[in-house]
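>>> Got a sequence here, can you model it:
(one chain, ligands or ions: 1)
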Amino acid sequence: MAYQPKDVFGRDFPLEHALSCVGKGWWNLVKECYQLCVENEVDISQVKEKFGGLRFYTGPTRNRKFFDQIDDICNRSYTICENCGQPGEPDTNRGWIKTLCPNCTKVEMEFSHELEHLLSDEQYNKWQEDIKSGKVARTLNNFIDALKSKLEEN
Ligand SMILES: [Zn+2]
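Numbers count the residues shown, from 1 in each chain. Got it, this is the predicted structure:
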């Protein structure tokens, strides 16, 4: 039976959970990393986006090649739009870095602009802070979900 990677608490770390940590555009990269963990029987501590790149933190293994392989996969994330998987590059226009294609950059800029109009100054600033501190995942889908819930609250 295939190895089931565990989290730092020894609980199962399923692939679905790893995928939910980043935007859909990087899911193939996450699947590749996850598959390496299964093959090498390595556990996973965290999967996230940081400074525009995919981070896939794992437990130890004696296979030294493993970490190079994970690094290679994660480095590719800097050329792939996290939202849609098209070719992209790290974008710093909004005060934080996110790897996006030109189209998603445009959509996010417009969306962010819309949000600025819909929310009060206080709400908008809180929103920006949450994004920067990582409390809100920086994917377009989460942006939209959060906006919907904000609108439902009002
Ligand atoms: Zn895109």
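>>> Can you name the residues of this protein sitting close to the ion?
Neighbours of the ion within the chain, by CB under 5 Å from the ion: C81, N83, C84, Q86, C101, C104. C-beta coordinates here come from the backbone N, C-alpha and C atoms, glycine included.
>>> run the last query once more with 6 Å
For the chain, the residues in contact with the ion (CB under 6 Å from the ion) are C81, N83, C84, Q86, G88, L100, C101, N103, C104.
>>> Show only the entries of those found in helices.
Counting by DSSP state H, the residues of the chain next to the ion place N103, C104 in helices.
>>> Please save the CA atoms from the host helix or strand of N125 in PDB.
Using DSSP states H and E, N125 sits within helix 121-132. Taking Å, rounded to 0.1, in the frame of the first residue of the first chain, the C-alpha atoms of helix 121-132 are listed here in PDB:
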ATOM      1  CA  ASP A 121     -11.500  52.300   4.800                       C
ATOM      2  CA  GLU A 122     -11.200  50.300   8.000                       C
ATOM      3  CA  GLN A 123     -12.500  47.100   6.400                       C
ATOM      4  CA  TYR A 124     -10.200  47.500   3.400                       C
ATOM      5  CA  ASN A 125      -7.100  48.200   5.600                       C
ATOM      6  CA  LYS A 126      -7.900  45.200   7.800                       C
ATOM      7  CA  TRP A 127      -8.300  43.100   4.600                       C
ATOM      8  CA  GLN A 128      -4.900  44.200   3.300                       C
ATOM      9  CA  GLU A 129      -3.300  43.500   6.700                       C
ATOM     10  CA  ASP A 130      -4.800  40.000   6.800                       C
ATOM     11  CA  ILE A 131      -3.500  39.300   3.300                       C
ATOM     12  CA  LYS A 132       0.000  40.400   4.200                       C
END
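>>> Considering the residues of the chain next to the ion, which possesses the most neighbours?
L100 (28 neighbours; other CB atoms under 10 Å).
>>> That one contacts K106, doesn't it?
No. The pair L100 / K106 is not scored as a contact, 9.0 Å apart, by CB atoms under 8 Å.
>>> tell me the SS of the closest residue to C84 other than its chain neighbours?
Nearest residue to C84, sequence neighbours excluded (CB to CB, 6 or more residues apart in numbering): G25, at 5.0 Å. At G25 the chain is in helix, as set by DSSP: H, G, I helix; E, B strand; the rest coil.
>>> Is G25 in contact with T79, as I believe?
No. Counting by CB under 8 Å, G25 does not reach T79; the two are 11.0 Å apart.
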